[in-house]
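Trainee: Build me a structure from this.
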Amino acid sequence: MTTLGIYLWTRLDIISFIFVLTAIISLVILGAVAAHSEIDERTKNKWIKNLAISLIISLTAVILIPSKKDAAMIYIIPKMAQSETFTEISKNTPEITKLAIDALKETLQGMNKTTKEK
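Mentor: Below you'll find the model as predicted:
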């Protein structure tokens, strides 16, 4: 992993928060502009178009940008699976390896449930 990659990984949650905040602000301003009757239609349509684009981009980014935990799993799990040590262990102890993988799945599912509950 490069220095830039590490830096961006440490900022993923902040980046996601900024996009969530941008989406909320865009939605609020969009509602205010749509409800405001003193603005002429051409200006109102221009504002609505720009805010809708901002909202769509922000929501798309929120959906596509992983959290720090997700990014760590995306980076580490394939490395573990491709390592010679893991391959050797899984060949020699298939039952233990299956139990370990099942435990990892349960842990990850538990983390997702805990995160969603907050």
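Trainee: buried stuff in the top helix by length along the chain?
Mentor: Using DSSP state H to define each element, the chain has its longest helix at helix 3-35. Within helix 3-35, the residues scored as buried using 16 or more other CB atoms under 10 Å are 12, 16, 19, 22-23, 26-27, 29-30, 33. For the C-beta atoms, the positions are set from N, CA and C on the backbone; glycine is no exception.
Trainee: Tell me the helices and strands packed up against the worst-scoring helix or strand of the chain on mean pLDDT.
Mentor: One helix or strand of the chain scores below all others by mean pLDDT, DSSP states H and E: helix 94-117, with a mean of 75. Contacts defined by 3 or more CB pairs under 8 Å, 6 or more residues apart in numbering; DSSP states H and E place helix 94-117 against helix 68-82, helix 84-92.
Trainee: The buried residues of helix 3-35 into a markdown table, with extra columns for pLDDT and distance to Asn45?
Mentor: Shown next, in a markdown table, are these (pLDDT from 0 to 100; distance: CB to CB, whole Å):
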| residue | pLDDT | distance to Asn45 |
| --- | --- | --- |
| Leu12 | 86 | 35 |
| Ser16 | 89 | 30 |
| Phe19 | 92 | 25 |
| Thr22 | 93 | 21 |
| Ala23 | 92 | 21 |
| Ser26 | 91 | 16 |
| Leu27 | 91 | 17 |
| Ile29 | 91 | 14 |
| Leu30 | 88 | 12 |
| Val33 | 87 | 10 |
